[in-house]
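the following comprises the amino acid sequence and a computationally predicted model.
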Amino acid sequence: MSALSFHPDVAEQHLRVDIDDWNDVYVVGDVHGCLSALERLVDRLDPSDDDLVVFVGDLVRKGPDSKGVVDYVRERDNFLTVRGNNEEKLIRGTKEIDALTDEDLDWMESLPVAISWEDTLVVHGGVHPEVPLEEHDVDKLQNTRAMNPGDSYDGPFWFEHYDGPERVFFGHTVMAHPAVFQHAMGLDTGAVYGGTLTAYDFYDDDLVSIDVDMTHESRKDSKILEPRQPALV
C-alpha cells in the first residue's frame with residue numbers, strides 16, 4: 001500500500017509499483033510523437049522484459065508520429081506512463097490527432113496520473129511545494145510549473161523549492177538539459193524542439209540522452225529553461 005495521500009480524483013488514478021520486481025528501472029522524458037528518437041533511446045538502454053521503463057507523460061502531439069509512439073508503448077507490458085497534459089487535451093477533445101483510434105483514446109484515459117514507488121513519485125507537471133499533495137488534483141499534477149498563478153516560464157519554479165520527502169520525476173517544463181535536484185528531476189529536454197530525448201537509469205543514478213535528428217516544432221528560447229542545477233556527470 002502507498003503511504004502517499006492523494007486528492008480523491010487522483011487516488012483513483014494512481015499506480016503503485018514494486019520496483020523490487022524489476023532488474024532495472026528507467027524513467028523517460030517527454031517523447032511528443034518522436035518515434036525514431038524513442039526507438040534509438042530504447043536501443044541504447046536495451047531493456048529486457050525484466051526491466052521497467054516509466055514515462056513522464058506527453059507521449060503525443062507536436063511530433064511526427066504520435067500513433068507510432070502510442071503503439072510502441074502500448075504493446076510492451078514493462079512500459080508504463082503517466083497521463084500528461086497533452087494526452088488530457090486529446091481525451092477532453094480540445095485537441096485531435098486523426099491517426100489515433102477510439103481504442104487509443106480509451107487507453108490514454110485509463111492511464112494513471114501518478115506512478116509511485118518507495119520514496120519516488122512520477123507525475124507529468126509537478127508538485128507545488130506550498131500546497132499539500134492531497135490538494136493537487138489532476139490538472140495541478142499535470143500542469144504545475146511555476147509557483148505563481150500564471151504558471152509561466154518566468155518562475156520561480158516549483159522544483160527549485162521542493163524539499164520532498166519523495167523525489168519527483170517530471171516532464172512538462174522544457175529544459176536545455178535535465179534538471180537535477182535532491183528531490184526533483186526534470187526530464188523534458190525538448191526532443192520535439194530539436195533537443196534530446198533523455199532517460200534516467202534509476203539504479204545506476206545515471207542520465208542517458210540521445211540527440212534528435214531534426215526540429216519538429218520551433219520554440220522560443222525563453223521557453224527552454226536553463227536549470228540552475230547542473231546535470232549529473
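Received, thanks.

give me the distance between the most centrally placed residue in the chain and residue 187.
Geometric centre of the chain, nearest residue: residue 56, 1.7 Å, by C-alpha atoms, centre = their mean. Distance of residue 56 to residue 187, given as C-beta to C-beta, to the nearest Å: 6 Å. Any C-beta I mention is one placed from the backbone N, CA and C, and that applies to glycine too.

mind listing what the nearest residue to the residue nearest to the centre of the chain once chain neighbours are set aside touches?
Leaving aside its sequence neighbours, residue 56 sits nearest to residue 171 (C-beta to C-beta, 6 or more residues apart in numbering; 3.8 Å). By C-beta atoms under 8 Å, 6 or more residues apart in numbering, the contact set of residue 171 is 29, 30, 56, 57, 58, 84, 124, 125, 186, 187, 188.

does residue 141 belong to a helix, a strand or coil?
helix (DSSP: H, G, I helix; E, B strand; the rest coil).

tell me how far it lies from residue 161.
17 Å.

settle it for me: which of those two has more neighbours?
residue 141 (32 against 15; other C-beta atoms under 10 Å).

could you check how far the residue lying closest to the more buried one once chain neighbours are set aside is from residue 62?
Using C-beta to C-beta, 6+ apart and skipping the chain neighbours, the partner closest in space to residue 141 is residue 123 (4.5 Å). Between residue 123 and residue 62 the computed distance is 20 Å (C-beta to C-beta).

give me the more crowded residue out of the two.
Neighbours per residue, other C-beta under 10 Å: of residue 123 and residue 62, the larger number sits with residue 123, 30 against 18.

picking that back up, shared neighbours of residue 56 and residue 187, anything?
In contact with both residue 56 and residue 187: 27, 28, 29, 30, 169, 170, 171, using C-beta under 8 Å, 6+ apart.

surely the first one forms part of a strand?
Yes: assessed with three-state DSSP, residue 27 lies in a strand.

surely residue 27 meets residue 169?
Yes: the pair residue 27 / residue 169 is scored as a contact, 4.8 Å apart, by C-beta atoms under 8 Å.

please enumerate the shared neighbours of the two.
Counting by C-beta under 8 Å, 6+ apart, the residues touching both residue 27 and residue 169 are 54, 56, 122, 185, 187, 200.

nearest spatial neighbour of the third one, skipping sequence neighbours?
If you skip the residues right next to it in sequence, residue 122 has residue 115 as its closest partner in space, 4.3 Å away by C-beta to C-beta, 6+ apart.

one more: the fifth one?
Of all residues beyond its chain neighbours, the one nearest residue 187 is residue 29 (3.3 Å), with distances taken as C-beta to C-beta, 6+ apart.

contact partners for that neighbour?
If you count contacts by C-beta under 8 Å, 6+ apart, residue 29 has them with 55, 56, 171, 178, 186, 187, 188, 189, 191, 197, 198, 199.

farthest pair in those residues?
Using C-beta to C-beta, the two most remote members of the contacts of residue 29 are 55 and 178, lying 14.8 Å apart.

more neighbours: the two, which one.
Just comparing residue 55 and residue 178: by other C-beta under 10 Å the higher neighbour count belongs to residue 55, 28 against 22.
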